[in-house]
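# sequence and predicted model, in that order:
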Amino acid sequence: MPIAPLLAKIDQERLRDLRAQYGTLPSDSPGLWRHYAKYLDVEKHMRQNVGRAQDLDLHRQPRQRILDLGCGGGFFLFVTQSLGHDGLGLDVAGIPIFDSLVEMLRVDRRICKITGFEPLPELDGKFDLVTAFATAFQGGREDSWRWGAAEWDFLLTDLKRQLNPGGRIFFELNAAYGGQYYTPQILEVFLKHGGVMERERVLFTKESARG
């Protein structure tokens, strides 16, 4: 899937303004804001998300309804929308780079903080695919807290409720657990829900579960 047609859809003047505004943030700005400035390399992140869409076979699938957890700047939703799919992102607000990218890419985002043991809001129908790429809602390497097995079990049970028959859940995880992608206890939960693991990648289907 070529990325040139995707890049051509982007308002280049608006992108130049964003790079001028957020590309060199002052040292007293929040550390995460400076960290997220890397997403102004639109071509790199567009290419990464084209790869993600192709790995999920979305360039060959009929129209899908997609929910992207922790959608960030909205690149994955933009790519899948360009492939003819319907997408909705969930994420927090207040990170200026992400807020501006979502606006520039014209993707649909609902403000929502994903919290352990709290169900997702009602989202006007079910989904064929739920994704989460390198999210931080479960804790990151810098955090003193991490989700445990019980929080993951609750989330997966809730996400399966959001799926259409034959629907899929796909995680691409950060190595947030001492350099690992999950603990043995979390692995047990993933297996209980029928997860298929390959390093940071975990795939579930609505019907998969261990008896």
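All right, it came through fine.
# quick one: the strands in the protein, in order.
Counting by DSSP state E, the chain has strands at residues 65-69, 86-91, 109-111, 127-133, 163-172, 196-198, 201-205.
# quick one: closest of those strands to residue 4.
For the strands of the chain, proximity to residue 4 was assessed by CB to CB; strand 86-91 is nearest, at 21.3 Å. C-beta: built from backbone N, CA, C; applies to glycine.
# same question for that closest one, mean pLDDT?
For strand 86-91, mean pLDDT rounds to 98.
# report the inter-axis angle for that strand versus strand 65-69.
Relative orientation of strand 86-91 and strand 65-69, computed by axes from the mean of the first three to the mean of the last three CA atoms, to 10 degrees: 10 degrees.
# and the contacts of strand 86-91?
63-72, 74, 76-77, 80-81, 98, 102, 107-112, 114, 120, 123, 127 (CB atoms under 8 Å, 6 or more residues apart in numbering).
# can you say which of these are buried?
64-72, 74, 76-77, 80-81, 98, 102, 107, 109, 112, 114, 120, 127 (16 or more other CB atoms under 10 Å).
# re the thing from before, can you add distance to residue 16 and give the strands of the chain back as JSON lines?
Below are the strands of the chain laid out as JSON lines (distance: least, CB to CB, whole Å):
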{"stretch": "strand 65-69", "distance to residue 16": "26"}
{"stretch": "strand 86-91", "distance to residue 16": "24"}
{"stretch": "strand 109-111", "distance to residue 16": "23"}
{"stretch": "strand 127-133", "distance to residue 16": "26"}
{"stretch": "strand 163-172", "distance to residue 16": "30"}
{"stretch": "strand 196-198", "distance to residue 16": "39"}
{"stretch": "strand 201-205", "distance to residue 16": "35"}
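# out of the ones you listed, which is closest to residue 24?
strand 86-91 (24.4 Å).
# contacting residues for the closest residue to residue 145 other than its chain neighbours?
The shortest distance from residue 145 to any non-neighbouring residue, by CB to CB, 6 or more residues apart in numbering, is to residue 139 (5.3 Å). Shown in contact with residue 139 (CB under 8 Å, 6+ apart): 145-147, 176.
# for the worst-scoring helix or strand of the chain on mean pLDDT, packing partners?
Across the helices and strands of the chain, the lowest-confidence element by mean pLDDT, DSSP states H and E is helix 31-36, at a mean of 78. Counting contacts by 3 or more CB pairs under 8 Å, 6 or more residues apart in numbering; DSSP states H and E, helix 31-36 packs against helix 96-105.
# what's the offset of the helix it packs on from the middle of its chain?
Relative to its chain's centre, helix 96-105 lies at 15 Å (CA atoms, centre = their mean, to the nearest Å).
# got the contact list for it?
10-11, 14-15, 18, 21-22, 33, 36-37, 39-40, 71-75, 77-78, 89, 91, 93, 109.
# that'll do, ta.
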